[in-house]
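Chemist: I need the structure of the sequence given here:
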Amino acid sequence: MKIGYLMNSYPMTSTTFIRREMESLEDLGLEIKRYAVRHWDEALVDPLDIAEQDRTHYLLTNNIKSLFSAFFGVLLANLPGFLSSFMLWRKVCKNAGGISIKQFAYLLEATYFYQQTKRDGIEHVHVHFSTNATTVAMLAQAMGGVSYSFTAHGPDEFVDPTLISMGLKIHHAKFVVAISNYCRVQLVRFSSYDYWDKIIIVHCGLKINEFIPSYHFEGSNQDLICVGRLCPQKGQLLIPQALAQLKPEFPNMKVHFIGDGESRSGLEAAIDKYDVRNMVQLHGWKVNSDVRDRVVKSRALLLPSFAEGLPVVIMESLALGRPVISTYIAGIPELVDNSCGWMIPAGSIECIVSAIRNALNACPAILSAMGKVGRGKIEDEHDLKKIAQQLYEKFTA
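Modeler: Take a look at the predicted model:
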């Protein structure tokens with residue numbers, strides 16, 4: 001069977017989990033064609049992600065002439081299909097507040113995607129994230145194209161579900177994947193309880209053999225690691241203030257930030273404001289192997305997020321035998337509890353301070369035990385071999 005995977009921007013530093021998912025499905029015998037609406041603007045660092053660029057067919061990037069050619073081609077050769085898609089597109093526009101250039105672009109992309117998937121012999125399309133790429137897949141299907149499914153993650157998708165026509169997308173999809181129980185109930189809220197069985201839970205997963213755990217902890221190690229895009233929803237700007245309160249007690253501790261993004265300048269300003277420059281190190285983006293090495297060298301992962309789906313970096317840290325400090329929001333409490341980490345309310349400086357203090361004061365034996373529990377959770381619930389089999393069975397049903 002030949003299927004297509006469609007994303008908005010791909011590859012990105014944050015989409016490694018999608019690459020792993022496709023590779024695992026290919027190991028099971030599926031042939032997968034990669035599509036993306038646009039090329040990611042930022043530089044990639046991991047060689048495997050860089051290699052994915054050459055394997056990805058872009059709908060919009062450097063393709064404007066072909067989009068218009070496809071639009072008029074479908075209009076002339078498949079008028080009934082075009083009109084069916086056009087009527088659905090009008091509903092999408094109404095939900096989005098009216099017709100706009102952006103909405104017209106989705107219709108153009110859908111006509112091109114409809115033609116291209118037919119040329120490529122695609123039998124089904126799966127989309128990650130329920131935003132514009134899923135709109136394109138839905139409109140292409142309405143033209144007479146192949147069926148589609150999508151994986152919803154959150155949190156941005158859940159901010160205004162009507163604006164992105166979430167209910168329409170669920171209605172027209174062959175099936176919908178939610179990455180957590182929390183995600184599933186949000187999707188039901190945004191559509192109908194009638195779709196409960198259509199919306200299935202399939203966790204994001206890891207190639208377990210790539211994550212060799214270490215349960216050894218040095219009592220003197222006071223390094224924590226924070227991995228992810230530097231952005232408001234991750235809550236990283238609270239960390240310097242917490243470090244300032246801990247500085248008299250733990251003058252040698254250090255937080256390593258891996259990632260970059262729009263909050264970089266704000267984080268730098270907070271580091272200087274609270275005079276904790278010697279307690280942090282900003283590494284920028286790193287290749288995946290370097291991230292794994294740094295996680296293993298750390299005492300715990302620190303991720304005080306305000307909004308999330310279920311962060312893959314939490315899975316990676318637990319898989320490597322490292323406990324996690326994070327917030328009890330969205331799907332995180334379904335994976336992290338007091339047996340493998342420290343859960344805190346989002347936005348509380350005092351709780352961040354307390355959790356870091358507990359992590360730094362915990363003896364190596366306690367940390368090791370927590371690491372083993374965390375690893376066991378990943379093996380049970382987030383092994384990509386098991387997850388790929390779930391998806392394979394849905395795609396081929």
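Chemist: for the protein, which element, helix or strand, carries the lowest mean pLDDT?
Modeler: Taking mean pLDDT, DSSP states H and E as the measure, the chain has helix 47-55 as its least confident helix or strand, at a mean of 94.
Chemist: in this structure, which helix is the longest?
Modeler: The longest helix of the chain (DSSP state H) is helix 101-120.
Chemist: what's the mean pLDDT across the next helix or strand after that one?
Modeler: Remark: after helix 101-120, the chain's next helix or strand is strand 124-128, criterion DSSP states H and E. Strand 124-128 shows a mean pLDDT of 98.
Chemist: the least confident helix or strand of the chain: how far from the chain's middle?
Modeler: 18 Å (CA atoms, centre = their mean, to the nearest Å).
Chemist: do the same with stretch 266-274
Modeler: Worked out by CA atoms, centre = their mean, stretch 266-274 lies 27 Å from the chain centre.
Chemist: picking that back up, buried sites along the least confident helix or strand of the chain?
Modeler: By neighbour count on 16 or more other CB atoms under 10 Å, the buried set for helix 47-55 is 49, 52. (Each C-beta comes from the backbone N, C-alpha and C, glycine too.)
Chemist: what does that helix contact?
Modeler: 10, 11, 12, 13, 15, 16, 19, 34, 39, 44, 287, 288 (CB atoms under 8 Å, 6 or more residues apart in numbering).
Chemist: could you point out the helix or strand that follows it?
Modeler: Scanning onward from helix 47-55 (DSSP H and E), the first element met is strand 56-58.
Chemist: tell me which strands that next one pairs with, and in which orientation.
Modeler: strand 31-38 (parallel) (DSSP bridges).
Chemist: what's the longest helix of the chain packed up against?
Modeler: Here helix 101-120 touches strand 2-9, strand 31-38, helix 64-77, helix 79-95, helix 132-142, going by 3 or more CB pairs under 8 Å, 6 or more residues apart in numbering; DSSP states H and E.
Chemist: quick one, domains of this structure?
Modeler: The chain breaks down into these domains under automatic domain parsing: 2-205+383-396, 208-381.
Chemist: in JSON lines, list the contacts of helix 47-55 along with pLDDT and secondary structure.
Modeler: Formatted as JSON lines, the contacts of helix 47-55 follow (pLDDT from 0 to 100; DSSP: H, G, I helix; E, B strand; the rest coil):
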{"residue": "10", "pLDDT": "98", "secondary structure": "coil"}
{"residue": "11", "pLDDT": "97", "secondary structure": "coil"}
{"residue": "12", "pLDDT": "96", "secondary structure": "coil"}
{"residue": "13", "pLDDT": "92", "secondary structure": "coil"}
{"residue": "15", "pLDDT": "95", "secondary structure": "coil"}
{"residue": "16", "pLDDT": "94", "secondary structure": "helix"}
{"residue": "19", "pLDDT": "97", "secondary structure": "helix"}
{"residue": "34", "pLDDT": "98", "secondary structure": "strand"}
{"residue": "39", "pLDDT": "95", "secondary structure": "coil"}
{"residue": "44", "pLDDT": "91", "secondary structure": "coil"}
{"residue": "287", "pLDDT": "93", "secondary structure": "coil"}
{"residue": "288", "pLDDT": "93", "secondary structure": "helix"}
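Chemist: need those in JSON lines (columns: distance to residue 161 and neighbour count).
Modeler: What follows is the contacts of helix 47-55, written out as JSON lines (distance: CB to CB, whole Å; neighbours: other CB atoms under 10 Å):
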{"residue": "10", "distance to residue 161": "23", "neighbour count": "25"}
{"residue": "11", "distance to residue 161": "27", "neighbour count": "24"}
{"residue": "12", "distance to residue 161": "23", "neighbour count": "18"}
{"residue": "13", "distance to residue 161": "27", "neighbour count": "23"}
{"residue": "15", "distance to residue 161": "22", "neighbour count": "21"}
{"residue": "16", "distance to residue 161": "27", "neighbour count": "19"}
{"residue": "19", "distance to residue 161": "27", "neighbour count": "19"}
{"residue": "34", "distance to residue 161": "27", "neighbour count": "20"}
{"residue": "39", "distance to residue 161": "28", "neighbour count": "14"}
{"residue": "44", "distance to residue 161": "31", "neighbour count": "17"}
{"residue": "287", "distance to residue 161": "36", "neighbour count": "16"}
{"residue": "288", "distance to residue 161": "32", "neighbour count": "17"}
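Chemist: out of those residues, flag the one nearest to residue 136.
Modeler: residue 10 (13.3 Å; CB to CB).
Chemist: list phi and psi for that closest one.
Modeler: phi -160, psi 140 (degrees, to the nearest 10).
Chemist: picking up where we left off before, which one of the contacts of helix 47-55 is nearest residue 169?
Modeler: For those, the nearest to residue 169 is residue 10 (19.0 Å; CB to CB).
Chemist: surely that closest one and residue 56 touch.
Modeler: Yes. Here residue 10 reaches residue 56: they are 5.8 Å apart, a contact under CB atoms under 8 Å.
Chemist: return every residue with contacts to both of these two.
Modeler: Here residue 10 and residue 56 have 34, 36 as joint contacts, going by CB under 8 Å, 6+ apart.
Chemist: which stretches of this structure have low pLDDT?
Modeler: By pLDDT under 70, the chain has no low-scoring segment.
Chemist: before we move on, the earlier item: among the helices and strands packed on helix 101-120, which is nearest residue 112?
Modeler: Per CB to CB, nearest to residue 112 of the helices and strands packed on helix 101-120: helix 64-77, 3.9 Å.
Chemist: ok now the closest one, how far from the chain's centre?
Modeler: That offset, for helix 64-77, works out to 32 Å (CA atoms, centre = their mean).
Chemist: which residue ranges of the stretch 251-397 of the chain form helices?
Modeler: If DSSP state H, counting those that start in this stretch is used as the criterion, the helices of the stretch 251-397 of the chain fall at 264-273, 288-296, 312-319, 349-361, 364-381, 384-396.
Chemist: tell me the spatial nearest neighbour of residue 113, not counting adjacent residues.
Modeler: Using CB to CB, 6 or more residues apart in numbering and skipping the chain neighbours, the partner closest in space to residue 113 is residue 140 (4.6 Å).
Chemist: list the contacts for that neighbour?
Modeler: Here residue 140 is in contact with 85, 110, 111, 113, 114, 117, 125, 146, 148 (CB under 8 Å, 6+ apart).
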